[in-house]
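1. Following is a predicted model, sequence given first.
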Amino acid sequence: MPELPEVEVTRIGISNYINSNTIKRIVAYSTNLRWPISPDIFSILPGETINSVERRGKYLLLKCQSGILLIHLGMTGQLRIVTTTCTPEKHDHLDIVFIDEVVLRLNDARRFGSVFWVDSNLEHKFIEQMGPEPLSEEFDGNYLYQKSRGRKIIVKKFLLDQQVVAGIGNIYANEALFHAGIHPSIPAGRISKVRYKNLVVAIKLVLATSIKLGGTMIDFRDGTEKNGHFPQKFSVYNRSGRPCTICGTQIQYKRVMRRSIYFCKSCQK
DNA sequence: CGAACGACCTGCAGGC
DNA sequence: TGCCTGCAGGTCGTTC
(Lines give C-alpha, C1' and ligand atoms only; values in the text may rest on other atoms or scores of the structure.)
Protein backbone atom coordinates (compact mmCIF):
# COMPACT_ATOMS: atom_id res chain seq x y z
CA MET A 1 0.00 0.00 0.00
CA PRO A 2 1.88 2.98 -1.18
CA GLU A 3 2.15 5.67 1.44
CA LEU A 4 4.78 8.37 1.52
CA PRO A 5 7.81 6.10 2.05
CA GLU A 6 6.80 3.75 -0.77
CA VAL A 7 6.24 6.66 -3.13
CA GLU A 8 9.57 8.15 -2.12
CA VAL A 9 11.42 4.87 -2.67
CA THR A 10 9.73 4.57 -6.06
CA ARG A 11 10.70 8.14 -6.90
CA ILE A 12 14.35 7.49 -6.16
CA GLY A 13 14.27 4.19 -8.05
CA ILE A 14 12.72 5.46 -11.27
CA SER A 15 14.64 8.75 -11.30
CA ASN A 16 17.84 7.02 -12.38
CA TYR A 17 16.10 5.76 -15.50
CA ILE A 18 13.80 8.57 -16.54
CA ASN A 19 15.31 11.81 -15.31
CA SER A 20 16.59 13.86 -18.29
CA ASN A 21 15.15 11.19 -20.57
CA THR A 22 12.85 12.12 -23.45
CA ILE A 23 9.45 10.54 -24.00
CA LYS A 24 8.87 8.84 -27.34
CA ARG A 25 5.29 7.68 -27.00
CA ILE A 26 2.51 6.76 -24.60
CA VAL A 27 0.75 3.41 -24.73
CA ALA A 28 -2.43 2.79 -22.76
CA TYR A 29 -3.83 -0.71 -22.21
CA SER A 30 -6.77 0.68 -20.28
CA THR A 31 -7.58 4.23 -19.32
CA ASN A 32 -10.16 3.78 -16.61
CA LEU A 33 -8.32 4.18 -13.36
CA ARG A 34 -9.93 6.11 -10.53
CA TRP A 35 -10.58 8.71 -13.17
CA PRO A 36 -10.01 8.36 -16.87
CA ILE A 37 -6.40 9.09 -17.77
CA SER A 38 -6.26 12.56 -19.33
CA PRO A 39 -6.45 11.97 -23.10
CA ASP A 40 -4.20 15.02 -23.52
CA ILE A 41 -1.12 13.07 -22.57
CA PHE A 42 -1.06 11.05 -25.79
CA SER A 43 -0.46 14.14 -27.89
CA ILE A 44 1.40 16.33 -25.40
CA LEU A 45 3.91 13.99 -23.80
CA PRO A 46 5.84 12.65 -26.83
CA GLY A 47 8.91 14.86 -27.26
CA GLU A 48 8.80 16.11 -23.67
CA THR A 49 11.87 15.63 -21.48
CA ILE A 50 11.61 14.78 -17.78
CA ASN A 51 13.32 17.66 -15.98
CA SER A 52 12.82 16.26 -12.50
CA VAL A 53 11.01 13.53 -10.63
CA GLU A 54 9.52 14.92 -7.46
CA ARG A 55 7.04 13.89 -4.79
CA ARG A 56 4.29 15.71 -2.95
CA GLY A 57 2.50 13.63 -0.32
CA LYS A 58 1.62 10.39 -2.07
CA TYR A 59 1.78 11.94 -5.53
CA LEU A 60 4.68 11.57 -7.93
CA LEU A 61 5.37 14.62 -10.06
CA LEU A 62 7.09 14.09 -13.39
CA LYS A 63 8.03 17.62 -14.34
CA CYS A 64 8.35 18.35 -18.04
CA GLN A 65 8.84 21.60 -19.98
CA SER A 66 5.17 22.22 -20.66
CA GLY A 67 3.57 20.68 -17.60
CA ILE A 68 3.57 18.10 -14.87
CA LEU A 69 2.41 14.51 -15.00
CA LEU A 70 0.90 13.60 -11.62
CA ILE A 71 0.75 9.95 -10.68
CA HIS A 72 -1.04 8.58 -7.64
CA LEU A 73 -0.56 4.88 -6.93
CA GLY A 74 -3.79 4.42 -4.99
CA MET A 75 -3.62 1.21 -3.03
CA THR A 76 -2.06 -1.29 -5.34
CA GLY A 77 -0.31 0.86 -7.92
CA GLN A 78 3.25 0.01 -8.87
CA LEU A 79 5.66 1.61 -11.29
CA ARG A 80 8.22 -0.59 -12.94
CA ILE A 81 11.10 0.07 -15.25
CA VAL A 82 10.98 -2.37 -18.15
CA THR A 83 11.93 -2.38 -21.82
CA THR A 84 9.79 -2.34 -24.96
CA THR A 85 10.36 -6.07 -25.45
CA CYS A 86 8.66 -6.80 -22.14
CA THR A 87 5.05 -7.82 -22.83
CA PRO A 88 2.37 -6.27 -20.62
CA GLU A 89 0.76 -8.39 -17.96
CA LYS A 90 -2.53 -8.38 -16.14
CA HIS A 91 -3.43 -4.97 -14.67
CA ASP A 92 -0.77 -3.10 -16.61
CA HIS A 93 -2.48 0.10 -17.69
CA LEU A 94 0.03 2.57 -19.03
CA ASP A 95 3.48 2.67 -20.62
CA ILE A 96 5.56 5.80 -20.87
CA VAL A 97 8.10 4.84 -23.52
CA PHE A 98 11.37 6.75 -23.71
CA ILE A 99 13.67 7.25 -26.70
CA ASP A 100 16.23 4.79 -25.30
CA GLU A 101 13.52 2.08 -25.12
CA VAL A 102 13.22 2.37 -21.36
CA VAL A 103 9.59 1.99 -20.35
CA LEU A 104 7.96 3.31 -17.19
CA ARG A 105 5.04 0.90 -16.73
CA LEU A 106 2.08 1.44 -14.42
CA ASN A 107 0.41 -1.62 -12.93
CA ASP A 108 -2.58 -1.24 -10.62
CA ALA A 109 -4.78 -4.21 -9.76
CA ARG A 110 -7.47 -2.30 -7.90
CA ARG A 111 -7.34 0.77 -10.09
CA PHE A 112 -7.52 3.25 -7.26
CA GLY A 113 -4.57 5.06 -8.75
CA SER A 114 -4.77 8.06 -11.04
CA VAL A 115 -2.80 9.92 -13.69
CA PHE A 116 -3.27 13.63 -14.37
CA TRP A 117 -1.66 16.08 -16.72
CA VAL A 118 -1.51 19.65 -15.46
CA ASP A 119 -0.32 22.74 -17.25
CA SER A 120 2.82 24.00 -15.51
CA ASN A 121 1.34 27.33 -14.57
CA LEU A 122 -1.68 25.73 -12.95
CA GLU A 123 -1.57 24.00 -9.63
CA HIS A 124 -3.73 20.94 -9.38
CA LYS A 125 -6.44 21.38 -6.77
CA PHE A 126 -5.55 18.13 -5.01
CA ILE A 127 -1.96 19.26 -4.57
CA GLU A 128 -2.94 22.80 -3.73
CA GLN A 129 -5.11 21.76 -0.78
CA MET A 130 -2.53 19.40 0.62
CA GLY A 131 -1.02 19.89 4.06
CA PRO A 132 2.71 20.19 4.76
CA GLU A 133 5.24 17.47 4.10
CA PRO A 134 5.65 15.46 7.31
CA LEU A 135 9.43 15.42 6.98
CA SER A 136 9.67 19.20 6.59
CA GLU A 137 10.50 21.60 9.41
CA GLU A 138 7.20 23.32 8.86
CA PHE A 139 5.50 20.21 10.23
CA ASP A 140 5.97 20.36 13.98
CA GLY A 141 4.07 19.75 17.20
CA ASN A 142 2.77 23.27 17.34
CA TYR A 143 1.33 23.01 13.83
CA LEU A 144 -0.53 19.78 14.60
CA TYR A 145 -1.76 21.17 17.89
CA GLN A 146 -3.16 24.33 16.29
CA LYS A 147 -4.65 22.42 13.37
CA SER A 148 -6.46 20.00 15.67
CA ARG A 149 -8.20 22.52 17.92
CA GLY A 150 -11.95 22.02 17.80
CA ARG A 151 -11.67 18.78 15.85
CA LYS A 152 -13.75 15.90 17.15
CA ILE A 153 -12.57 13.14 14.84
CA ILE A 154 -10.33 10.52 16.33
CA VAL A 155 -6.64 11.30 16.08
CA LYS A 156 -5.89 8.35 13.80
CA LYS A 157 -8.35 9.60 11.21
CA PHE A 158 -7.06 13.13 11.67
CA LEU A 159 -3.60 11.96 10.61
CA LEU A 160 -5.02 10.37 7.47
CA ASP A 161 -6.46 13.70 6.32
CA GLN A 162 -4.12 14.80 3.52
CA GLN A 163 -5.12 18.41 4.10
CA VAL A 164 -3.71 18.14 7.62
CA VAL A 165 -0.46 16.44 6.66
CA ALA A 166 0.51 14.92 3.32
CA GLY A 167 1.45 11.32 2.76
CA ILE A 168 0.44 9.43 5.89
CA GLY A 169 -1.70 6.32 5.40
CA ASN A 170 -3.20 3.72 7.67
CA ILE A 171 0.00 1.78 8.36
CA TYR A 172 2.14 4.71 9.43
CA ALA A 173 -0.66 6.40 11.36
CA ASN A 174 -1.05 3.27 13.50
CA GLU A 175 2.71 2.90 13.93
CA ALA A 176 3.37 6.54 14.80
CA LEU A 177 0.58 6.63 17.40
CA PHE A 178 2.04 3.57 19.06
CA HIS A 179 5.50 5.09 19.25
CA ALA A 180 4.03 8.28 20.68
CA GLY A 181 2.01 6.33 23.27
CA ILE A 182 -1.24 7.88 22.08
CA HIS A 183 -4.46 5.89 21.85
CA PRO A 184 -5.78 6.06 18.26
CA SER A 185 -9.38 6.71 19.32
CA ILE A 186 -8.81 9.95 21.23
CA PRO A 187 -10.50 12.97 19.64
CA ALA A 188 -7.82 15.04 17.89
CA GLY A 189 -8.92 18.24 19.60
CA ARG A 190 -8.35 16.84 23.08
CA ILE A 191 -4.65 16.08 22.77
CA SER A 192 -2.09 18.37 24.42
CA LYS A 193 0.67 20.26 22.67
CA VAL A 194 3.32 18.17 24.43
CA ARG A 195 1.77 14.95 23.15
CA TYR A 196 1.57 16.35 19.62
CA LYS A 197 5.26 17.17 19.82
CA ASN A 198 5.94 13.54 20.70
CA LEU A 199 3.65 12.42 17.90
CA VAL A 200 5.48 14.52 15.32
CA VAL A 201 8.80 13.03 16.42
CA ALA A 202 7.27 9.56 16.05
CA ILE A 203 5.83 10.31 12.60
CA LYS A 204 9.14 11.60 11.30
CA LEU A 205 10.92 8.61 12.78
CA VAL A 206 8.69 5.91 11.30
CA LEU A 207 8.61 7.57 7.88
CA ALA A 208 12.37 8.13 7.74
CA THR A 209 13.08 4.61 8.97
CA SER A 210 10.77 3.12 6.38
CA ILE A 211 12.33 5.10 3.53
CA LYS A 212 15.75 3.96 4.69
CA LEU A 213 14.63 0.32 4.70
CA GLY A 214 12.98 0.52 1.30
CA GLY A 215 9.35 0.92 2.33
CA THR A 216 6.88 -1.90 2.69
CA MET A 217 6.59 -3.44 -0.74
CA ILE A 218 8.56 -1.84 -3.50
CA ASP A 219 9.57 -3.42 -6.73
CA PHE A 220 10.45 -1.05 -9.53
CA ARG A 221 13.09 -2.95 -11.45
CA ASP A 222 12.52 -5.42 -14.21
CA GLY A 223 12.28 -8.97 -12.96
CA THR A 224 13.77 -8.46 -9.53
CA GLU A 225 11.26 -8.83 -6.76
CA LYS A 226 12.76 -6.53 -4.21
CA ASN A 227 10.49 -6.00 -1.24
CA GLY A 228 11.10 -3.37 1.37
CA HIS A 229 12.09 -4.43 4.82
CA PHE A 230 9.90 -2.14 6.87
CA PRO A 231 7.18 -4.73 7.71
CA GLN A 232 9.70 -6.51 9.90
CA LYS A 233 9.74 -3.34 11.96
CA PHE A 234 5.98 -3.08 12.47
CA SER A 235 5.14 -2.67 16.12
CA VAL A 236 1.36 -2.85 15.88
CA TYR A 237 0.16 -2.89 12.28
CA ASN A 238 -1.04 -6.35 11.27
CA ARG A 239 0.06 -7.72 14.66
CA SER A 240 -3.36 -8.34 16.16
CA GLY A 241 -3.21 -10.73 19.12
CA ARG A 242 0.57 -10.77 19.17
CA PRO A 243 2.56 -9.37 22.11
CA CYS A 244 3.40 -5.70 22.34
CA THR A 245 7.11 -5.21 21.70
CA ILE A 246 7.34 -3.05 24.81
CA CYS A 247 5.09 -4.60 27.46
CA GLY A 248 3.94 -7.93 26.04
CA THR A 249 0.22 -7.11 26.15
CA GLN A 250 -1.74 -8.49 23.21
CA ILE A 251 -2.10 -5.98 20.38
CA GLN A 252 -5.73 -4.96 19.89
CA TYR A 253 -7.49 -4.80 16.55
CA LYS A 254 -10.66 -2.81 15.97
CA ARG A 255 -12.65 -1.53 13.07
CA VAL A 256 -13.41 2.11 13.61
CA MET A 257 -15.29 3.95 10.91
CA ARG A 258 -14.49 1.24 8.40
CA ARG A 259 -10.78 1.43 9.02
CA SER A 260 -8.55 -0.91 10.96
CA ILE A 261 -6.80 0.35 14.03
CA TYR A 262 -4.08 -1.55 15.84
CA PHE A 263 -2.83 -0.52 19.26
CA CYS A 264 -1.54 -1.61 22.64
CA LYS A 265 -4.14 -0.81 25.27
CA SER A 266 -1.45 -0.71 27.93
CA CYS A 267 1.12 1.54 26.20
CA GLN A 268 -1.32 3.86 24.43
CA LYS A 269 -3.55 6.05 26.56
C1' DC B 1 -17.41 24.66 8.23
C1' DG B 2 -16.81 19.49 10.13
C1' DA B 3 -18.16 14.69 10.28
C1' DA B 4 -19.77 10.47 8.30
C1' DC B 5 -20.46 7.52 4.63
C1' DG B 6 -20.87 5.67 -0.19
C1' DA B 7 -18.44 4.55 -4.16
C1' DC B 8 -14.76 2.93 -6.78
C1' DC B 9 -12.00 -2.14 -7.71
C1' DT B 10 -9.82 -6.63 -7.28
C1' DG B 11 -7.71 -10.46 -4.76
C1' DC B 12 -7.84 -13.19 -1.08
C1' DA B 13 -9.32 -15.64 3.15
C1' DG B 14 -12.79 -17.86 5.58
C1' DG B 15 -17.24 -20.03 6.11
C1' DC B 16 -20.70 -23.03 4.52
C1' DT C 1 -15.07 -27.93 -5.26
C1' DG C 2 -17.26 -23.61 -5.43
C1' DC C 3 -20.01 -19.93 -4.20
C1' DC C 4 -20.77 -16.00 -1.02
C1' DT C 5 -19.32 -12.58 2.15
C1' DG C 6 -16.29 -9.52 4.15
C1' DC C 7 -12.09 -7.23 4.29
C1' DA C 8 -8.04 -4.58 2.67
C1' DG C 9 -6.74 0.02 1.19
C1' DG C 10 -6.94 5.90 -0.43
C1' DT C 11 -9.72 9.67 -1.18
C1' DC C 12 -13.14 12.29 -3.70
C1' DG C 13 -17.81 13.59 -3.75
C1' DT C 14 -22.17 13.78 -1.50
C1' DT C 15 -25.11 14.39 2.35
C1' DC C 16 -26.37 15.89 6.77
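-> Structure received. Quick caveat: nothing in here was measured; it's all calculated off a predicted structure.

2. does A:L199 belong to a helix or a strand, and which?
-> Here A:L199 sits within helix A:193-213, counting by DSSP states H and E.

3. and the following helix or strand past that helix, average pLDDT?
-> The first helix or strand that comes after helix A:193-213 along the chain, using DSSP H and E, is strand A:252-256. Mean pLDDT, computed over strand A:252-256, is 89.

4. So A:Y145 sits against A:N198, correct?
-> No - look at A:Y145 against A:N198 with CB atoms under 8 Å: they stay out of range, at 11.3 Å. For glycine as for every other residue, the C-beta is placed from the backbone atoms N, C-alpha and C.

5. higher neighbour count, these two?
-> Using other CB atoms under 10 Å as the criterion, A:Y145 and A:N198 rank with A:Y145 on top: 20 against 17.

6. How far does the helix holding A:L199 sit from its chain's centre?
-> 16 Å (CA atoms, centre = their mean, to the nearest Å).

7. Same check on stretch A:106-124?
-> 13 Å.

8. likewise stretch A:68-76?
-> For stretch A:68-76, the distance to the chain centre is 9 Å (CA atoms, centre = their mean).

9. Please list the residues outside it that contact it.
-> Stretch A:68-76 has contacts (CB atoms under 8 Å, 6 or more residues apart in numbering) with A:1-2, A:6-7, A:10, A:33-34, A:41, A:45, A:58-62, A:77, A:79, A:91, A:106, A:108-118, A:120, A:124, A:126-127.

10. what do you get for stretch A:180-188?
-> Residues contacting stretch A:180-188 (CB under 8 Å, 6+ apart): A:148, A:151-158, A:173-174, A:177, A:191, A:195, A:198-199, A:201-202, A:256, A:261, A:263, A:265, A:267-269.

11. where along the stretch 51-200 of chain A do the strands fall?
-> For the stretch 51-200 of chain A, applying DSSP state E, counting those that start in this stretch gives strands covering A:52-56, A:59-63, A:67-72, A:77-83, A:92-98, A:102-108, A:114-119.

12. interface residues of the stretch 151-269 of chain A facing DNA strand B?
-> By CB under 7 Å from any atom of the strand, the part of the stretch 151-269 of chain A that sits against DNA strand B consists of A:R151, A:K152, A:I153, A:K157, A:G189, A:M257, A:R258.

13. which one among those residues gets closest to DNA strand C?
-> Using CB to the nearest atom of the strand, A:R258 comes nearest to DNA strand C of these, at 7.0 Å.

14. Neighbours of the closest residue to DNA strand C within chain A, how many?
-> Proximity of chain A to DNA strand C (CB to the nearest atom of the strand) peaks at A:G169, 2.3 Å away. By the measure other CB under 10 Å, the count of residues near A:G169 is 19.

15. ok, now which ones touch the closest residue to A:L61 other than its chain neighbours?
-> Closest residue in space to A:L61, ignoring its immediate chain neighbours: A:E54 at 4.3 Å, by CB to CB, 6 or more residues apart in numbering. Taking CB under 8 Å, 6+ apart, we find A:E54 in contact with A:R11, A:L60, A:L61, A:K63.

16. try 10 Å this time
-> Neighbouring residues of A:E54 by CB atoms under 10 Å, 6 or more residues apart in numbering: A:R11, A:S15, A:L60, A:L61, A:L62, A:K63, A:I68.
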